[in-house]
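Asks: my questions concern the predicted model and sequence given below.
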Amino acid sequence: MAQKNLIVGSVVGVAISGAMWLMENTLVWLWTRSHEPHVKSLKEHLKQAK
């Protein structure tokens, strides 16, 4: 697609790559750590203390 239209092809390529990366991270999280309990971060503890 980038050979036909450089700008549109590049944007579509980046969008497809980003979607694939996001899906991979989501599936890895579901497969490995979704069953673990939520651990509050320091930021969440400080917000709760206020």
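Replies: Arrived safely, thanks for sending. Numbering: from 1, shown residues only.
Asks: per-residue confidence averaged over stretch 10-21?
Replies: Regarding stretch 10-21, the rounded mean pLDDT is 95.
Asks: what about that stretch, distance to the chain center?
Replies: Centre-to-centre, stretch 10-21 and its host chain are 12 Å apart (C-alpha atoms, centre = their mean, to the nearest Å).
Asks: buried set for that stretch?
Replies: Residues of stretch 10-21 include none that count as buried (16 or more other C-beta atoms under 10 Å). For the C-beta atoms, the positions are set from N, CA and C on the backbone; glycine is no exception.
Asks: do the same with stretch 40-50
Replies: Across stretch 40-50, burial judged by 16+ other C-beta under 10 Å covers no residue at all.
Asks: give me the mean pLDDT for it.
Replies: What stretch 40-50 shows for mean pLDDT is 91.
Asks: alpha carbons only: can I get it in PDB?
Replies: What follows is stretch 40-50 as a C-alpha-only set of coordinates in PDB (Å, rounded to 0.1, in the frame of the first residue of the first chain):
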ATOM      1  CA  LYS A  40      -1.800  -1.300  44.600                       C
ATOM      2  CA  SER A  41       1.000   0.900  43.400                       C
ATOM      3  CA  LEU A  42       2.600   3.600  45.400                       C
ATOM      4  CA  LYS A  43       0.600   6.300  43.600                       C
ATOM      5  CA  GLU A  44      -2.700   4.500  44.500                       C
ATOM      6  CA  HIS A  45      -1.600   4.200  48.200                       C
ATOM      7  CA  LEU A  46      -0.800   7.900  48.300                       C
ATOM      8  CA  LYS A  47      -4.100   8.800  46.700                       C
ATOM      9  CA  GLN A  48      -6.000   6.700  49.200                       C
ATOM     10  CA  ALA A  49      -4.100   8.200  52.100                       C
ATOM     11  CA  LYS A  50      -5.300  11.700  51.100                       C
END
